[in-house]
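K.L.:
Just a sequence and a predicted model for now, questions to come.
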Amino acid sequence: MRKVVAGYLIHSITAFGAIAGLISLEEFINGDYRSGLLWLIACQIIDGFDGPMARKIDIHIHATRFDGHILDLVVDYVTCVVVPVVMLVRLDLLTGHWGLFFSGLIIFTGALWFARTDQETDDHWFNGFPAAWNLVIPTFIILGTRQSYIIAIIIVLSVLSLSKLQFPHLVKVEFLRPLTWSLAVIYFVALTALSFQYPSGESALKPILVLFPLYIFGISIIHTWNARQRSVNSSND
């Protein structure tokens, strides 16, 4: 019985992530960008902890009325795609018709990624960029990224959402786990600190918001190449 109660409590925590996203959205609409960034970080914290808790108690056995995987996808689409896109529009990071076009591109490719049937490999790598716009767009905001760079990055990541390039699930993937976890903690601390200090912020922390994504991109290329080589070699045997 305790696991049943715990299971539905975890489902509720996951669903609360959507409420945190709504609060973030409201803060941005009201012009309180610092608070909006911090509430979006709260969404990330919830998303990072609810999965491991759910797996620990075998939630799919003890709380079966709701499908935790589908619930997580719904909440993630709101907090990782919809809310960041509103931030993009609200702060006029893209001017004129570009704002509508590229916001629509993110919404479109994000929806397709969350509907992928091959979303995650058996060894817990995501196929395609996993629509983590809740990290990308706050980085644009904090760094004051130039519009031309924003457009280029949106195009590249939108295309990669539909690709076979494999990105790591930071919690589950074993490849370089100690290094990745250590860098992820440093990145998250820097993102939180810079969000709290926005619009000012310690300039020494800002390169971390670029270097960690480049690291992730690098190991994604290496892993994808190695996985394809193994596939080719096994097919030739």
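P.N.:
Sure, I can see it.
K.L.:
in stretch 124-133, what's buried?
P.N.:
Within stretch 124-133, the residues scored as buried using 16 or more other Cβ atoms under 10 Å are 125-133. The way it works is simple: take the backbone N, C-alpha and C, and place the C-beta from them, glycine included.
K.L.:
just stretch 146-159 next, same as before
P.N.:
For stretch 146-159, by 16+ other Cβ under 10 Å, it's 150-151, 153-154, 157-158.
K.L.:
Show only the entries of these found in helices.
P.N.:
Counting by DSSP state H, the buried residues of stretch 146-159 place 150-151, 153-154, 157-158 in helices.
K.L.:
Skip ahead from the helix or strand bottoming out on mean pLDDT in the chain and say which helix or strand is next.
P.N.:
Every helix and strand in the chain was compared by mean pLDDT, DSSP states H and E; the lowest is helix 59-62, with a mean of 66. Once helix 59-62 ends, the next helix or strand along the chain (criterion: DSSP states H and E) is helix 68-77.
K.L.:
From the chain's centre, how far out is that next one? Work that out for me.
P.N.:
12 Å (Cα atoms, centre = their mean, to the nearest Å).
K.L.:
Over to stretch 36-47?
P.N.:
Using Cα atoms, centre = their mean, the offset of stretch 36-47 from its chain centre is 11 Å.
K.L.:
any weak-confidence spans in this structure?
P.N.:
1, 58, 60-63, 235-237 (pLDDT under 70).
K.L.:
quick one on the thing from earlier: in CSV: the ones in helices among the buried residues of stretch 146-159, plus distance to residue 87.
P.N.:
Conversion of these to CSV gives the following (distance: Cβ to Cβ, whole Å):
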residue, distance to residue 87
150, 12
151, 16
153, 15
154, 13
157, 16
158, 17
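K.L.:
Out of these, the closest to residue 217 would be?
P.N.:
residue 157 (10.0 Å; Cβ to Cβ).
K.L.:
For the residue positioned nearest the centre of the chain, which non-adjacent residue is closest in space?
P.N.:
The C-alpha lying nearest the average C-alpha coordinate of the chain belongs to residue 132 (Cα atoms, centre = their mean; 2.8 Å). Once flanking residues are discounted, residue 132 sits nearest to residue 80: 6.0 Å by Cβ to Cβ, 6 or more residues apart in numbering.
K.L.:
Also residue 46?
P.N.:
Per Cβ to Cβ, 6+ apart, closest to residue 46 is residue 17, 4.3 Å.
K.L.:
What's the local residue count around that neighbour?
P.N.:
Using other Cβ atoms under 10 Å, residue 17 is surrounded by 24 other residues.
K.L.:
On the secondary structure side, give me the element for it.
P.N.:
Element membership for residue 17 (DSSP H and E) is helix 2-29.
K.L.:
That helix: what's the following helix or strand?
P.N.:
helix 33-56.
K.L.:
Mind checking which of the buried residues of stretch 124-133 land in strands?
P.N.:
Members of those lying in strands (criterion: DSSP state E): 125-127.
K.L.:
what's the closest of these to residue 29?
P.N.:
Closest to residue 29, out of all of those and judged by Cβ to Cβ, is residue 126, at 30.5 Å.
K.L.:
which residues touch the closest one?
P.N.:
Neighbouring residues of residue 126 by Cβ atoms under 8 Å, 6 or more residues apart in numbering: 119-120, 166-169.
K.L.:
how about a cut-off of 6 Å?
P.N.:
For residue 126, the contacting residues are 120, 167, by Cβ atoms under 6 Å, 6 or more residues apart in numbering.
K.L.:
which strands and helices sit next to the helix or strand containing residue 103?
P.N.:
Using DSSP H and E, residue 103 sits in helix 97-114. Judged by 3 or more Cβ pairs under 6 Å, 6 or more residues apart in numbering; DSSP states H and E, helix 97-114 is in contact with helix 83-90, helix 147-161.
K.L.:
Fine by me, thanks again.
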